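Trainee: would you be able to build a 3D model of this:
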Amino acid sequence: MTTQTAPVATQVRPTKDPATTAVSGGATGADQPAADRGRTSIADVVVVKVAGIAAREIPGVHDMGGGLSRSIGAVRDRVPGGRPNVGRGVKVEVGERQTAIDLDLVVEYGVSVMDVAQDVRENVISAVERITGLEVVEVNVIVNDVHLPDDDEPAHTGEARVE
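Mentor: Numbers count the residues shown, from 1 in each chain. Predicted coordinates:
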């Protein structure tokens, strides 16, 4: 005589915070392995920061974000005690097991935009999947500006009016 037991279904409870995604629905009980007791949630901001840092690691990426966000970021970076915003220029959509990422980039003049975009995409996918365990379904790269070498020089190069 054989006895069949019904499989135990794990129940994934929705998170209370809409910006947090449950990655694994754990089971409860002393008979479960330690790794399965409880659940893990990853906030959207975690994916934003990981993607932002990974994108900035690529040579040829000068800055990130649109014109207004870069202007505000430049002011914020100059304030004493202010921290740079690694999430500037990054938008994410996070599901239960997957994420999609949009990046706004400013590239250096003279580099291949397509090569930089490909390198950024590969580095972001690798970092986000390794660190968060989420599957990255797409990384959209929008290059919205090119940084010219003379953009860093001061605007006024004439003689001083007073000594």
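
Trainee: who does the longest strand anywhere in the chain pair up with?
Mentor: When the chain is scanned for its longest strand (criterion: DSSP state E), the result is strand 135-147. Sheet pairing of strand 135-147 (DSSP bridges) gives strand 98-108 (parallel).

Trainee: okay, buried residues for the strand it pairs with please.
Mentor: By neighbour count with 16 or more other CB atoms under 10 Å, strand 98-108 contains the buried residues 99, 101, 103-108. (C-beta placed from N, C-alpha, C; glycine too.)

Trainee: any buried residues in the following helix or strand past that strand, and which?
Mentor: Counting by DSSP states H and E, the next helix or strand C-terminal to strand 98-108 is helix 113-132. By 16+ other CB under 10 Å, the buried positions in helix 113-132 come out as 116-117, 119-121, 123-125, 127-128, 131-132.

Trainee: one more: stretch 32-47?
Mentor: 39, 42, 44, 46-47.

Trainee: start to end distance for it?
Mentor: End-to-end span of stretch 32-47 (CA to CA, to the nearest Å): 29 Å.

Trainee: also stretch 90-104?
Mentor: Using CA to CA, one end of stretch 90-104 lies 7 Å from the other.

Trainee: which other residues reach it?
Mentor: Contacts to stretch 90-104, defined as CB atoms under 8 Å, 6 or more residues apart in numbering, come from residues 12, 21-23, 42, 44, 47-48, 51-52, 55, 64-66, 69, 89, 120, 124, 128, 132, 134-142, 144.

Trainee: from the buried residues of helix 113-132, pick the one nearest residue 32.
Mentor: Nearest to residue 32 among these, counting by CB to CB, is residue 132 at 23.1 Å.

Trainee: for the closest one, give me its contacts.
Mentor: Residue 132 touches 23, 42, 46-47, 50, 99, counting by CB under 8 Å, 6+ apart.
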